[in-house]
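Asker: give me coordinates for this.
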Amino acid sequence: MRSDPGIVVDERPEVYRPADDSFLLLREVSVAPDERFLEVGTGTGLVALHAARITTAVATDVTPDAVALARHNARRNGVALDIVWTDLMAGIKGPFDVVAFNPPYLEGRATSALERAWDGGADGSEVSLRFLNDLPRILSPSGRAYLVVSRENVRAREIADAMYRVTVLASKPLFFERLDALELRQ
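Answerer: Presented below is the predicted three-dimensional model:
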């Protein structure tokens with residue numbers, strides 16, 4: 001999607017602020033007016049807000065502060081966006097034509113709510129694996145998902161390749177890693 005300069009996203013210290021990975025996902029997501037859209041782990045709502053300007057959109061986040069901030073940003077931008085407080089896609093009913101997720105992908109263990117935004121578990125893949133395993137439940141048969149992964153997320157990449165047709169849409173080298181934006185199709 002093109003970044004809409006008319007969308008203003010407020011930030012708060014306790015919510016992951018849009019960064020290189022967020023903008024990588026935003027650039028690579030494609031959504032049409034007749035497609036149902038879901039963003040998992042929306043944070044400030046950046047990607048979901050852009051999608052909601054195009055089509056019916058839903059966003060989730062596990063952090064109450066992020067849900068409150070995304071709702072604030074939706075109101076501020078005059079965008080109809082349904083934001084659900086849940087862990088990944090728990091309780092969400094599909095099908096969705098487009099699903100987007102910029103998961104926590106760094107290795108480690110969170111010690112605060114904010115650290116959950118980048119803590120992907122022991123090898124950085126744990127959250128992505130949970131997402132990949134639940135994705136078939138909510139993704140329409142002809143739908144597609146967009147996922148940001150680090151080159152270090154070996155297990156997540158292996159499972160994605162085993163379960164879906166995967167296309168690397170774009171890569172972004174950062175000072176300590178390389179990120180890929182993947183498109184997944186059934």
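Asker: hey, let's count contacts and neighbours off CA atoms from now on
Answerer: OK.
Asker: what sits up against the helix or strand that residue 169 is a member of?
Answerer: With secondary structure defined by DSSP states H and E, residue 169 is part of strand 165-173. The set of residues external to strand 165-173 that reach it, using Cα atoms under 8 Å, 6 or more residues apart in numbering, is 24, 28, 160, 178-186.
Asker: from the residues you listed, keep the buried residues only.
Answerer: The neighbour count (16 or more other Cα atoms under 10 Å) marks 24, 28, 160, 179-185 as buried among the contacts of strand 165-173.
Asker: rebuild these as TSV, extending it with distance to residue 42, secondary structure and pLDDT.
Answerer: Below are these laid out as TSV (distance: Cα to Cα, whole Å; DSSP: H, G, I helix; E, B strand; the rest coil; pLDDT from 0 to 100):
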residue	distance to residue 42	secondary structure	pLDDT
24	14	helix	97
28	16	helix	98
160	21	helix	97
179	18	strand	94
180	18	strand	96
181	16	strand	97
182	17	strand	98
183	18	strand	98
184	19	strand	98
185	21	strand	98
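Asker: tell me how far the lengthiest strand in the chain lies from the chain's centre.
Answerer: Across the chain, the longest stretch assigned as strand under DSSP state E is strand 139-150. Distance of strand 139-150 from its chain centroid, counting by Cα atoms, centre = their mean, to the nearest Å, is 10 Å.
Asker: buried ones in stretch 28-39?
Answerer: 28-31, 35-39.
Asker: same check, this time on stretch 69-81
Answerer: Burial within stretch 69-81, assessed by neighbour count using 16+ other Cα under 10 Å, is assigned to 69-74, 79-81.
Asker: now do the contacts for the closest residue to residue 87 other than its chain neighbours.
Answerer: Nearest-residue entry for residue 87: residue 62, 4.7 Å, with adjacent residues in sequence omitted and distances by Cα to Cα, 6 or more residues apart in numbering. Counting by Cα under 8 Å, 6+ apart, residue 62 touches 41, 85-88.
Asker: residue 15 should be in a helix, yeah?
Answerer: No - judged by DSSP: H, G, I helix; E, B strand; the rest coil, residue 15 forms no part of a helix; its state is coil.
Asker: mind checking pLDDT for it?
Answerer: Predicted confidence (pLDDT) for residue 15: 95.
Asker: with residue 109 instead?
Answerer: 71.
Asker: still on that earlier bit, farthest-separated two in the contacts of strand 165-173?
Answerer: Farthest-apart pair in these is 178 and 186; separation 25.2 Å (Cα to Cα).
Asker: give me the sheet partners of the strand holding residue 169 and which way each runs.
Answerer: The strands beside strand 165-173 in its sheet (DSSP bridges) come out as strand 178-185 (antiparallel).
Asker: give me the residues contacting the partner strand.
Answerer: In contact with strand 178-185 (Cα under 8 Å, 6+ apart) are residues 21, 24-25, 28, 142-151, 160, 164-173.
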